[in-house]
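Trainee: quick one, structure for this:
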Amino acid sequence: MSRPATGTGLLLCTALLLTSACTGEPAVPPSDATVNIGFLAPLSGPAASAGAETKRGAELAVDIINGHHPSIPLPLGPGAGLPRLHNAKVKLQAADTAGPPSRGATEVARLVSTKHVVAMAGGYESAVTEAASARSERLKIPFVNGGSSASSLTERGLDWFFRTGPSDLSYGRVVFSLLKERQSKGTSVKRITVVHTDDQYGNDGSAMIKRLASHIDGKVVADIKVSAQSTDLSSHAQTASGSDPDVVLTLLYTPQALALRASFDRLAYRPPALIAFGGGYADPAFIQKDKRAAEGVCSRFAWSADLAQHNPTARAVADLYKQTYHAPMNDDAARAFTAVMSLAQAINDARSRTPADIRSALVNIDVPGRDTIMPWDGVKFDDNHQNIGARGIVEQIQNGRYRLVYPFDVASAQLHWPMADAGGQEEPRWRQ
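Mentor: Model (predicted):
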């Protein structure tokens, strides 16, 4: 027979009942509590400028969640904090992943043990995200990624990893759909040269391109690997130009993207078309360092500033981003914003700080496209935890900035092919 509770024990249980009903759940204060979310980004090193953009996107999401933003029609915009968790505030615990991929795993362990994060977000380089998410899997901590596109990341059978952004396979389908459209108009696109980093991002992307090339009866005539640490691509550029491609497809980070452009310039060579699979071509530094040389380059994206102007939610967030950071929102920032916002919505749906509950909420999340800033169908994960609502688009640098050129039915500018024709052209009106 158990003894009755002592006075002290009775008072303790009464206090716990007010917050957790003596269920063993951590006591949650009715206000002022915070929910710690870890965020990984390369904040130093060669990819620091891209990492800074992702961090800003994540910070803006947290600012909207924690503040009162009635003009932003997102589920967590009008109120302050997470309404189903006693209006708890979200705190972003950022970590720098510049360096070897293993550093991502180290930072996950550190953030869990010392900052008590209940979930992770972010990740830029696919190899870093792979190592970091493997560690979060062992620790049973949910990890929501928006910026790493290697298809293999969601093919590992992980229970705790989720990706909101498109995979390279999704992006590849959009790019090859564009190539097929060009082919239907009599443009030759059969000879494909691929220039890619010799890591997970580049190698996975190259393999995907080889698979999709058959859709246009095409052939990869040159598969050119470069080190992710290389800043001299002179010989690689010579090989690319010598392969006589109809189109060059790239998977490169900022230093390699700039080096390839400089090497092409020294050779006085411009391919008929260059379409990048994001990476360094999404970095504002790619345009800012030499606007003339950047003209005509295309890249696949998940975000479009042009489309944002026709979406009140996206426009409001983009305006707030520019007001806060004095720079336009870009693809890297938008994908990080969406990953953090999706994770916060899952935490709110879970009504819990327990990682297992957050994971369950992510499995069941279903955010309609109108409740995001992306030109997507929404956020909903398949059995591999890949967002089935994510979509890609293609933009081209025209007159010093990226313009939406594909899909054609929503394009705000005409695609110029060959790319040498991109400068100084009149822009068509928006296509309804």
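Trainee: CA only for contacts and neighbour counts going forward, please
Mentor: Will do.
Trainee: identify the residues contacting Ser360.
Mentor: Listed by C-alpha atoms under 8 Å, 6 or more residues apart in numbering, the contact partners of Ser360 are Ala350.
Trainee: ditto for Ala276
Mentor: Leu249, Thr250, Leu251, Leu252, Val297, Cys298, Ser299, Arg300.
Trainee: quick one: it from Leu92, how far?
Mentor: 31 Å (C-alpha to C-alpha, to the nearest Å).
Trainee: give the buried residues for the strand or helix carrying Leu111.
Mentor: In this structure, Leu111 sits in helix 102-114 according to DSSP states H and E. Neighbour-count burial for helix 102-114, counted by 16 or more other C-alpha atoms under 10 Å, picks out Ser102, Arg103, Gly104, Ala105, Glu107, Val108, Ala109, Leu111, Val112.
Trainee: helices or strands up against it?
Mentor: strand 34-41, strand 89-96, helix 126-139 (3 or more C-alpha pairs under 8 Å, 6 or more residues apart in numbering; DSSP states H and E).
Trainee: Trp376 is nearest to which of the ones you listed?
Mentor: helix 126-139 (22.0 Å; C-alpha to C-alpha).
Trainee: can you show me the strands along the chain?
Mentor: With strands called from DSSP state E, the chain shows them at 34-41, 89-96, 119-122, 143-145, 161-163, 191-197, 219-226, 247-251, 274-276, 298-301, 367-368, 378-379, 393-398, 401-406.
Trainee: can you redo those as TSV with mean pLDDT and distance to Ala333?
Mentor: Putting the strands of the chain into TSV (pLDDT from 0 to 100; distance: least, C-alpha to C-alpha, whole Å) gives the following:
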stretch	mean pLDDT	distance to Ala333
strand 34-41	97	11
strand 89-96	98	15
strand 119-122	98	10
strand 143-145	98	12
strand 161-163	98	15
strand 191-197	98	22
strand 219-226	98	26
strand 247-251	98	19
strand 274-276	98	18
strand 298-301	96	12
strand 367-368	96	19
strand 378-379	98	17
strand 393-398	96	16
strand 401-406	96	15
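Trainee: in a markdown table, list those along with distance to Lys180.
Mentor: Below are these laid out as a markdown table (distance: least, C-alpha to C-alpha, whole Å):
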| stretch | distance to Lys180 |
| --- | --- |
| strand 34-41 | 35 |
| strand 89-96 | 40 |
| strand 119-122 | 33 |
| strand 143-145 | 30 |
| strand 161-163 | 28 |
| strand 191-197 | 13 |
| strand 219-226 | 14 |
| strand 247-251 | 12 |
| strand 274-276 | 14 |
| strand 298-301 | 15 |
| strand 367-368 | 30 |
| strand 378-379 | 27 |
| strand 393-398 | 14 |
| strand 401-406 | 12 |
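Trainee: can you give me the end-to-end distance of stretch 207-227?
Mentor: By C-alpha to C-alpha, one end of stretch 207-227 lies 17 Å from the other end.
Trainee: and the contacts of it?
Mentor: Contacts for stretch 207-227 (C-alpha under 8 Å, 6+ apart): 168-169, 172-173, 176, 179-180, 183, 189-199, 206, 233, 236, 239-240, 243, 245.
Trainee: buried stuff in it?
Mentor: Neighbour count says stretch 207-227 has 208-210, 212-213, 216, 218-226 buried, by 16+ other C-alpha under 10 Å.
Trainee: stretch 200-209 too?
Mentor: By 16+ other C-alpha under 10 Å, the buried positions in stretch 200-209 come out as Gln200, Tyr201, Gly202, Asn203, Asp204, Gly205, Ser206, Met208, Ile209.
Trainee: between these, which is closest to Ala50?
Mentor: Tyr201 (15.6 Å).
Trainee: isn't that closest one up against Tyr124?
Mentor: No: the criterion here is C-alpha atoms under 8 Å, and Tyr201 misses it with Tyr124 at 10.1 Å.
Trainee: shared neighbours of those two, anything?
Mentor: Ser148.
Trainee: quick one: end-to-end distance for stretch 135-150.
Mentor: 18 Å.
Trainee: and it, how far out from the chain's middle?
Mentor: Mean C-alpha position of stretch 135-150 versus that of the full chain (C-alpha atoms, centre = their mean, to the nearest Å) differs by 13 Å.
Trainee: do the same with stretch 339-357
Mentor: 19 Å.
Trainee: same deal with stretch 215-227?
Mentor: Centroid displacement of stretch 215-227 relative to its chain, using C-alpha atoms, centre = their mean, is 25 Å.
Trainee: start at 36, not 1
Mentor: Got it, first residue is 36 now, which makes that one stretch 250-262.
Trainee: that older thread, from the buried residues of stretch 235-244, which is closest to Tyr441?
Mentor: Among the buried residues of stretch 235-244, and counting by C-alpha to C-alpha, the member closest to Tyr441 is Ile244, at 18.5 Å.
Trainee: can you check the pLDDT for that closest one?
Mentor: Here the pLDDT value assigned to Ile244 is 97.
Trainee: quick revisit: just put the helices and strands packed on helix 137-149 in CSV and tack on distance to Arg198 and mean neighbour count.
Mentor: Output for the helices and strands packed on helix 137-149, formatted as CSV (distance: least, C-alpha to C-alpha, whole Å; neighbours: other C-alpha atoms under 10 Å):
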stretch, distance to Arg198, mean neighbour count
strand 69-76, 14, 24
strand 124-131, 19, 19
helix 161-174, 11, 21
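Trainee: contacts only, for Ser205.
Mentor: By C-alpha under 8 Å, 6+ apart, the neighbours of Ser205 are Arg426, Gly427.
Trainee: let's see the pLDDT reported for it.
Mentor: So Ser205 comes in at 95 (pLDDT).
Trainee: from Cys333, how far off is it?
Mentor: Applying C-alpha to C-alpha to Ser205 and Cys333 gives a distance of 17 Å.
Trainee: distance of the spatially closest residue to Ser137 that is not a sequence neighbour from Ser339?
Mentor: Closest residue to Ser137 in three dimensions, ignoring its sequence neighbours and counting by C-alpha to C-alpha, 6 or more residues apart in numbering: Ala166, at 6.0 Å. To Ser339, Ala166 is 30 Å away according to C-alpha to C-alpha.
Trainee: circling back to that earlier point, can you tell me which of the buried residues of stretch 235-244 are in helices?
Mentor: Gln235, Tyr236, Gly237, Asn238, Asp239, Gly240, Ser241, Met243, Ile244 (DSSP state H).
Trainee: from those residues, which is closest to Phe372?
Mentor: Tyr236 (21.3 Å).
Trainee: list the contacts for that closest one?
Mentor: Glu160, Ser161, Ala162, Ser183, Ser184, Ala185, Leu286.
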